[in-house]
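Novice: Sequence plus predicted model, see below.
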Amino acid sequence: MLAKRLIALFAVLVLGLSAVPANAQSHTRAEVEVLAQYYAQHYGVPLELVRRVINRESTFNPAARNGPYYGLMQILPETARTMGFRGQPSDLLNAETNLIYAVK
C-alpha cells in the first residue's frame, strides 16, 4: 500500500514538473523585487510603476501566461522583438528576460 502511494506521489510530481517550461525558472518574490529594482533603475523607469505592473499582470509569478502574453509583465513576444528580443516566446517566462524587454 505504501509503495503504491509513493509511486503515485512520484508520478504526480514528475507530471507536475514537466508541465512547467524549463526556462520558467522559479524566482521568489524577493528575487523578482531585486531584478525589478535593477531594471527599473537601468532603464530609468519608476520602480513603483514596475512593481504595480508586475503585481497587476502576474502577481509576481514569472511563469504567468494569459493568451499570447508571457511572464511577469505579460509582454507580447512581438512587442519584445521590437525591443531586441530574439528568443522563443517561452523564454519570456524567465523573470530576468521578461524584465529586460518589458521594462525597456
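Specialist: Nice, thanks for sending it over.

Novice: Relative to residue 62, how far out is residue 28?
Specialist: If you measure residue 28 against residue 62 using Cβ to Cβ, to the nearest Å, the figure is 10 Å. Every C-beta, even on glycine, is put in place using the N, C-alpha and C of the backbone.

Novice: hang on, isn't residue 43 packed against residue 103?
Specialist: Yes: here residue 43 reaches residue 103: they are 5.1 Å apart, a contact under Cβ atoms under 8 Å.

Novice: quick one, which of these two is more surrounded?
Specialist: With neighbours defined as other Cβ atoms under 10 Å, residue 43 and residue 103 compare such that residue 103 has more, 25 against 13.

Novice: Quick one, grab the pLDDT at the more buried one.
Specialist: The predicted structure scores residue 103 at 98 on the pLDDT scale.

Novice: Now do the same contact list for it.
Specialist: Residue 103 makes contacts with 36, 39-40, 42-43, 45, 50, 73, as judged by Cβ atoms under 8 Å, 6 or more residues apart in numbering.

Novice: Find me whatever residue is spatially closest to it, sequence neighbours aside.
Specialist: Taking Cβ to Cβ, 6 or more residues apart in numbering, and ignoring the residues beside it in sequence, residue 103 has residue 39 as its nearest neighbour in space, at 4.4 Å.

Novice: what about that neighbour, which helix or strand?
Specialist: Taking DSSP states H and E as the criterion, residue 39 maps to helix 29-43.
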